[in-house]
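> Give me the fold of what follows.
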Amino acid sequence: MALTTARNTPRRMDHTYVDSIYLPQATSTTLFVGGLACLNAGGYLVPGATATTLTAVGVIGEQPHLRPADRYTNSGSNGAQSLTVQRGTFKLNNQSDDLLTVAEVLKVCYVTDDETVCKTGTGKSIAGQFLGLDTDGGAWVHVGATPAGLVGGIGPTGPTGPTGPTGP
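This next block holds a predicted model:
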């Protein structure tokens, strides 16, 4: 179920990848603190949702340049407001009818909404790399830097890599 209020999203600090990025927010959108944030086809931040045109960026954190709030709404034009997005490894909800299991560890997982990921990619955008399950069934997902080789894009296992039709 999509967020209707802020969410305390646990983050795993592995010291190998800690980063944030400042990006413009799409018009007429609300992003919740702790919610999965994506870029739409135009390059603007939107909440995670079931769609094929999104690029997962990370999770919305505190906004030191804005008044503290549990959500940030841009009612102006595209880019009238920008937000800091935390990239890294986060614990997200595991969709109950399309569960990620230990069999999917180190594979990509997909966005269902701004707090939930799933195993099947039909009609969905990539959330990130699934790193494992938490004891409560939550899914640890590395968001914001999915290796191209995992998604069959340009890279070692993609169309231009050594195993692809145009590789060396």
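> so who does the closest residue to Gly137 other than its chain neighbours touch?
Distances taken as C-beta to C-beta, 6 or more residues apart in numbering put Asn94 closest to Gly137, at 5.6 Å, once the chain neighbours are dropped. Just so you know, the C-beta spots here come from the backbone N, C-alpha and C atoms, and that holds for glycine as well. Remark: with contacts taken as C-beta atoms under 8 Å, 6 or more residues apart in numbering, Asn94 is in contact with 100, 116-118, 133, 137-139.
> Tell me which two in these are the farthest apart.
Thr116 and Leu133 (14.2 Å; C-beta to C-beta).
> more crowded one of those two?
Regarding Thr116 and Leu133, a neighbour count based on other C-beta atoms under 10 Å identifies Thr116 as having more, with 22 against 18.
> Got phi/psi on the residue sitting nearest the centre point of the chain?
When C-alpha atoms, centre = their mean is applied to the chain, the residue found nearest the centroid is Ala56 (3.4 Å). As for Ala56, its main-chain torsions (degrees, to the nearest 10) stand at phi -70, psi 130.
> For this structure, which strand extends over the most residues?
If you go by DSSP state E, the chain has its longest strand at strand 82-94.
> what is the rounded mean pLDDT of it?
Confidence over strand 82-94 (mean pLDDT, whole number) is 95.
> Tell me the strands beside that strand, with direction?
Paired neighbours of strand 82-94 in the sheet (DSSP bridges): strand 11-12 (antiparallel), strand 19-24 (antiparallel), strand 55-60 (antiparallel), strand 116-118 (parallel), strand 139-143 (antiparallel).
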